[in-house]
Every structure is written in structure tokens, then in C-alpha cells.
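1. predicted model follows, preceded by the sequence.
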Amino acid sequence: METIYLAIVLAPLLGAIVAGLFRNQIGRAGAHWAAILGVAASCLLSLYVLKLFIYDGQQAFNGSVYTWMVSDGIRFEIGFLIDKLTVMMMSVVTFVSLMVHIYTIGYMAHEEGYQRFFSYIALFTFSMLMLVMSNNFLQLFFGWEAVGLVSYLLIGFYFKKESAIFANMKAFLVNRVGDFGFILGIAAIAMYFNSLDYAEVFGRAPQLKDATIQIWGGTAWSLMTVVCILLFVGAMGKSAQVPLHVWLPDSMEGPTPISALIHAATMVTAGIFMVARMSPLYELSETALSFVLIIGATTAFFTGLIGIVQNDIKRVVAYSTLSQLGYMIAALGVSAYAAGLFHLMTHAFFKALLFLAAGSVIMGMHHDQDIRNMGGVRKYMPITWITALLGSLALIGFPGFSGFFSKDAIIGAIHHSQLFGAGYASVLVTAGVFVTALYSFRMFFLVFHGEGPRHFESHHDAHDEHGGAEAQEHHDVKDEPTPHESPWVVTLPLILLAIPSVVIGWMTIQPMLFGDWFAGVLTVLPEHDALGEVGKRYHGQIGFIQHGMLELPFWLAMGGLFVAWFIYMKKPALALEIRTRFDWLYHALDMKYWFDEVYQFVFAKGSRALGGMLSEAGDRFLIDGLIVNGSAKVVDTFAHRVRRLQTGYLYHYAIAMILGLLLLLSIFVIA
């Protein structure tokens, strides 16, 4: 089995190397075949291992591949931990990545850097697999940083575009903040546990439950709380939680396939996976759990509100990702790790579907991303329409769809939790259901329904009214083609992703949430088992649906759907009236609560001002003024004085020698 595990992780790496280093020799077709075959091999092997765990009773594997270094008794190793959590993540990552690879053939067909893009996305898959398959903190950190590096390259793929360069630098810097906390957490583990191996650290954790650490002064801090919060700071960066969320919407500057990969199966899910994997540590600190819960619930609700006012089709879906990540994090905060991971899995399928459907619409609309210019696209793009509808229903938690099972389980677990902050979180995640339905179907109705496309019709109306001369001012739209359905390499992944978006929740809720799938993998103390309270009311999928349809979240979802239809389809003028009446709120949401402006002022301008001050005081005055120029001036002055002693007269030198000899004799006699 070790050979299979190595093949799973190395196949995408081989594809990335071939597509990247030999791109000129193999051409565009060779590059996409190399990357796709590598990821496809990894996907098939992952599904084979999943089958072994489900049907053949395969036992977990925990072993070292090789030892990199031993220092002060700590072993730095590369190794794999393959259990049911890992297998689930491997299957999701490779399947979604394979769909994105196939989709990319159609979406990037006419782009420069085609081979480079395939090399990057295959490398992205390898990096995520290294992260989820690791059995120690060293390899976890390698995968953690590798996905960050590749995301930087992919967000800035259009490196000649200034906004893309700004976006990838923003993602890089914000994640450096999170990763600083993350590496401090790992350093604390190495210091106090004297190991980086998961099994050893988790085994020793109960012994250090009451251990304290002094950070400054004489105040004693709980070691577990400090370690868990530091690790979670890393998750806040990778999984884009408030206030380190600002990079994720700007990641839309990258091509749509990478938006789908980042938001669905790779980088942003790393934080959720990491916290769930560290459940033996988090269970020992209720303070850390409450911190995680409050951050997640805050992100779930308040970033979802921003999605209501977005007009870029990809940014609407991006803010949806922020909100759904908040739900997952909130679930982890109430120790419902299985529910958070379950939502991670269901979300991966329908969020990848929604992003790829958005990309299909962008292709059909000739790369216009403004939903205000769309409308009526349904009649031109029927496959994209039906798959986007299925993805949207899964996102809002429509009964029977995958998102219904996972989101209701999270809301129920938070409702039953007794942790500090659970009441606050319960209100926000419940209200967030209405917000999710509103922004999801606002986008869906504006894009696919109504009269339109408005962009196409408005331009043709201008041509009809003003004639050929002014048509030139409207970009020669008289010859502009109407929207069209995407090619099969785009629509096939949409169909294949739509299937699990509908059925995967129904198929897996019992073993993943209320069965033994995560037995021995996740640790939940009895007093924290909020998900167990939900399980007491579980009587099969039908019963879960029936019970859910009597609860408030279902009616809030239906209310959000109805409000979106009424405002944007039935009474479109009402949207402008509401915006005018609540202009202050619209402005706050449109400015994204001014996070970017605050960061720009405090950190960007502040650091430049501090740098200027340090440059003036330190560089110019201290270094240039005193050390460099000052020392040079002292030497020059001294040399100027000394050289006057060199007169060239013999009697001057003779007198100097006699005086020197008398001085030495005097010192000798006195001594």
C-alpha cells in the first residue's frame, strides 16, 4: 500500500514537471495530457483506497517515508497518515481537481501561458495532497506553504495585469500574517512536546492539559490555549476568516479554473482540515474552541451580506465561499468536527460547480462578468443553466440536496452547544441561511432569467436607433454573436460535479455524522458532543428532511429565495428603491466594511511612514551620518593632522627618535 500512497501524491507532481519543464517540446496538447493523466491516476488510486476503507476494512497506515534530520532528539520526517479523514480529503481533492483540469482545456484554449497554467494546477494538487496525507507537523507545514506559493503564482497568472499582481501580493502578505502564528504554534509544540509526530503529540497532550506558559511578565497562560490559537491564526489566513479574509475576493483576478480549485478543494479547506486533525488538542481548551466559534460565525454572516451587493459574477461566488467557510469553522468551534468536514466535502462539489458554471457564463457572454449585463441566458446555455440551478439549490440547503444535510447539521450542533459564544453564533448562522439564499438567487435570476441578455440587447438597440456610425462607439456590436453554450470539455465537468452536489449528502450523512466513519480519528469529549445531541433526533434521511422542513432555517432559505425572485424578477424597480432608502448600509457593504482601507492606512501607509522615519533617523543620521560618513571624517581629520608630522627634515626625525627613546626609558625605569 505504501507504493500506492506514494503514487497518489507523486503522480500530479510528475505531471506538473512534464507540463512545466518540457512545455516547448510537448506543446499545448502534451501539457494538458501530462497534467490530466497525472491527476487522473491520483484520483483513481484515491477512489480505490476509499473503496478499500469502505468495503474491505482497510486499516489506517501511519509510517515514515524517510528521515530528513534528527536534531536534539526531534525527528524531522516525511511520512503519511492514511485514515478515513485522509482518504475522504484525498478523494475530494483529486476528483475536483480532475474536473478543473478537464474544464481548463476549454476555458484556457486561447490563453497565453497554457502549459504554465497546467503545470501550476497540477503542482497545486500535489501540494494539497502532501498537506492532507502528512503524519507530522514538518510535512504539514511544507504542504501549507506550498499551496500558498502556488496560489500566489496562479492568482497572479496574468502577470502583465496590475490588478492581478496586486491581488497575488495581497494574498501572499495576508497569509504571511497567518503563517507567522502557525509556525509559532508548531514551534511551541516542538518545544513542549519534543516531537513533531502527530501520534506522539496527541498521545502526550492529556499530560500537558494543565501546563502553563509565560509569554511576558509573570502572567501564566494555558499552553493548550496558546498552541491552539496560534495554529488557528494560520487557519484564519488560509481559510480566509475575519479579519484575515481580505485576500480571498481579490483572488478572482486569477483565471476561473483556479478560482474553483482554491475555493472548493485546495487552499481554503486546508485550515478546516488542520483544525479537525488537531481535535485532540482543541478539545483540551474551551477558550480556543470559543475563539474559533465566534470567528467562524462572524465570518459566516457578515461576509455573506457583502455578497448581496456584488455585481461581478465571480465575486458573488467568492463571498459565498467566505460565508460557507465561516459555517465550517463555527462547526469546529462547537467540536462538531465531523459536521465541519461533512460540509467541507459537500461544499467542495457544489462550489466548484458554481465557479465553473460562472466561468461558462463568462465564456458565453464573451468575458463580460457583470451580472447587470446578463439576463435570459437560460435559453442560450441550457446545460449551464440547469447545473447552476442544482449548485445554487445545494448551496442554500434546499431539502434533499447535499448542502441541506451538512448545513442543517452545523446549525443544529451550534444550537445545542453550551460553549461560550454559542448563543451569538446560533443567531448568526441561522440568519445567514436567509442571506445565502438571497445572494445566490439574486445572481441566478439576474444571470439566467428575465429579458436579455441586457448587454446584447442594449447594444443592438443603440445600433438600431443610431445607425452604423454610432454603432462603432458601441464596439461594433451589430456583428457581436449572441451567448452560446460552452464546449463539452466545459459542460462535462459541470454535469459530473452536479451529480454529487445533489446526492452525496444523502449517501454519506449517516456514516460521516452519526456513524463510525471518524471513530478513532476525531476526538470529542462527552461534554462537548453537541453533534451527538443532533444525532439523537436522526432517524434516517427522510426523517432528517421532514424534521428540517419544520425548522426555522428551511423557512428562512425559502424566504430568501422568494425575496430574490420578488425583487429582481417581479418588481425590479424595488431594488433601486431599497438601495436608495438604505444607502448607508449599501455603502458599508459595497466598501466591505472598510477593511481594505483600514489595512491600507494602518499597515501600508503606516509601515511606509515608519520606514521613512527609520530611514531618516537610522539610515541617514546613524548609518550614513555617524558610522559611514562620520568614521570617514574622523579618519580624514586624523590623517590630515598626522601628515603634517612628515616634514622631510632629518633633524626633525632625529629629535623625534631621541624623545621617543627618552619616553620609553622613563616608562621602563618607573615600571
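-> Received it, and whenever you're ready, just let me know what you need.

2. the stretch 151-300 of the chain: strands as residue ranges?
-> For the stretch 151-300 of the chain, the strands identified by DSSP state E, counting those that start in this stretch occupy 212-214, 220-222, in order along the chain.

3. what's the neighbour count on residue 659?
-> Counted by other Cβ atoms under 10 Å, the residues lying close to residue 659 total 10. Heads up, the C-betas are built off the backbone N, CA and C, glycines and all.

4. just the element for it, please.
-> For residue 659, the enclosing helix or strand under DSSP states H and E is helix 650-670.

5. now residue 574
-> Using DSSP H and E, the secondary-structure element containing residue 574 is helix 572-581.

6. how far off centre is that helix?
-> For helix 572-581, the gap between its own C-alpha mean and the chain's C-alpha mean amounts to 34 Å (Cα atoms, centre = their mean, to the nearest Å).

7. buried residues in that helix, which are they?
-> The neighbour-count criterion (16 or more other Cβ atoms under 10 Å) identifies no buried residues in helix 572-581.

8. for that helix, give the mean pLDDT please.
-> For helix 572-581, the mean pLDDT works out to 90.

9. try stretch 436-446
-> Here the mean pLDDT over stretch 436-446 is 96, rounded to a whole number.

10. same thing with stretch 346-358?
-> In this model, stretch 346-358 has an average pLDDT of 96.

11. roughly how far is that stretch from the heart of the chain?
-> 15 Å.

12. what does stretch 49-68 give?
-> Distance, stretch centre to chain centre, for stretch 49-68: 27 Å (Cα atoms, centre = their mean).

13. separation between the residue nearest the centre of the chain and residue 154?
-> In the chain, the C-alpha closest to the average C-alpha coordinate belongs to residue 268, at a distance of 2.5 Å (Cα atoms, centre = their mean). For residue 268, the distance to residue 154 (Cβ to Cβ, to the nearest Å) stands at 13 Å.

14. hang on, the earlier thing: could you find the closest non-adjacent residue to the residue nearest to the centre of the chain?
-> In this structure, residue 268 finds its nearest non-sequential neighbour in residue 239, 5.1 Å apart by Cβ to Cβ, 6 or more residues apart in numbering.

15. residues contacting the residue nearest to the centre of the chain?
-> Each residue near residue 268 by Cβ atoms under 8 Å, 6 or more residues apart in numbering is listed here: 238, 239, 240, 248, 262, 321, 325.

16. if we use 6 Å, what do you get?
-> Contacts were defined as Cβ atoms under 6 Å, 6 or more residues apart in numbering; by that measure residue 268 touches 239, 240, 325.

17. look up how far residue 393 lies from residue 523.
-> Between residue 523 and residue 393 the distance is 34 Å, computed by Cβ to Cβ.

18. nope, residue 281 is what I was after
-> 37 Å.

19. pull the number of nearby residues for the residue nearest to residue 73 when sequence neighbours are not counted.
-> Nearest residue to residue 73, sequence neighbours excluded (Cβ to Cβ, 6+ apart): residue 194, at 6.1 Å. Summarising burial for residue 194: neighbours were counted as other Cβ under 10 Å, giving 13.

20. also residue 2?
-> Residue 2 sits with 11 neighbouring residues when counted by other Cβ under 10 Å.

21. okay, residue 452: pLDDT?
-> The model reports residue 452 with a pLDDT of 67.

22. equivalent analysis for residue 36, please.
-> The confidence metric pLDDT takes the value 97 at residue 36.

23. my read: it touches residue 99, true?
-> No - with contacts counted by Cβ atoms under 6 Å, residue 36 stays clear of residue 99, the gap being 10.5 Å.

24. higher neighbour count, the two?
-> residue 99 (27 against 22).

25. now what about the host helix or strand of that one, what contacts it?
-> Per DSSP H and E: residue 99 is located in helix 84-107. Applying Cβ under 6 Å, 6+ apart, the external contacts of helix 84-107 come out as 32, 35-36, 39-40, 42-43, 46-47, 49-50, 53, 125, 128, 132-133, 257, 260-261, 264-265, 345, 348, 352, 356, 359, 487, 489-490, 493, 496-497, 517, 521.

26. after it comes which helix or strand?
-> Moving toward the C-terminus from helix 84-107, the next element (DSSP H and E) is helix 114-132.

27. helices or strands next to that next one in the packing?
-> Taking 3 or more Cβ pairs under 6 Å, 6 or more residues apart in numbering; DSSP states H and E as the contact definition, the neighbouring helices and strands of helix 114-132 are helix 2-21, helix 23-55, helix 84-107, helix 137-155.

28. one more time with 8 Å, if that's ok
-> helix 2-21, helix 23-55, helix 84-107, helix 137-155, helix 256-264, helix 269-277 (3 or more Cβ pairs under 8 Å, 6 or more residues apart in numbering; DSSP states H and E).

29. and the fifth one with helix 269-277, angle?
-> Which is helix 256-264. Between the axes of helix 256-264 and helix 269-277, defined by axes from the mean of the first three to the mean of the last three Cα atoms, to 10 degrees, the angle is 20 degrees.

30. for stretch 360-376, the distance to its chain's centre please.
-> Chain-centre distance of stretch 360-376: 26 Å, with Cα atoms, centre = their mean.

31. got the end-to-end distance for that stretch?
-> The separation between the terminal residues of stretch 360-376, taken as Cα to Cα, to the nearest Å, is 15 Å.

32. in stretch 514-526, what counts as buried?
-> The neighbour-count criterion (16+ other Cβ under 10 Å) identifies 514, 517, 518, 521, 522, 523, 524 as the buried residues of stretch 514-526.

33. need the contact partners of stretch 33-43.
-> Counting by Cβ under 8 Å, 6+ apart, the neighbours of stretch 33-43 from elsewhere in the structure are 7-9, 11-16, 18-19, 26, 91, 94-95, 97-98, 101-102, 118-119, 121-122, 125, 129.

34. out of the residues you listed, which are buried?
-> Burial by neighbour count, 16+ other Cβ under 10 Å: within the contacts of stretch 33-43 this picks out 8-9, 11-16, 18-19, 26, 91, 94-95, 97-98, 101-102, 118-119, 121-122, 125, 129.

35. now do residue 657 against residue 165, distance only.
-> Distance of residue 657 to residue 165, given as Cβ to Cβ: 71 Å.

36. repeat that for residue 484.
-> Remark: distance between residue 484 and residue 165 (Cβ to Cβ) = 32 Å.

37. the more surrounded of the two?
-> With other Cβ under 10 Å as the criterion, residue 484 and residue 165 differ in neighbour count, and residue 165 comes out ahead with 15 against 12.

38. residue contacts, the more buried one?
-> Taking Cβ under 8 Å, 6+ apart as the definition of contact, the neighbours of residue 165 are 156, 159.

39. helices of the stretch 151-300 of the chain, start to end?
-> For the stretch 151-300 of the chain, the helices defined by DSSP state H, counting those that start in this stretch cover 162-193, 198-204, 223-238, 247-250, 256-264, 269-277, 279-282, 286-307.

40. quickly compare those and say which is most buried.
-> A comparison of the helices of the stretch 151-300 of the chain by mean neighbour count, using mean count of other Cβ atoms under 10 Å, puts helix 256-264 on top with a mean of 29.
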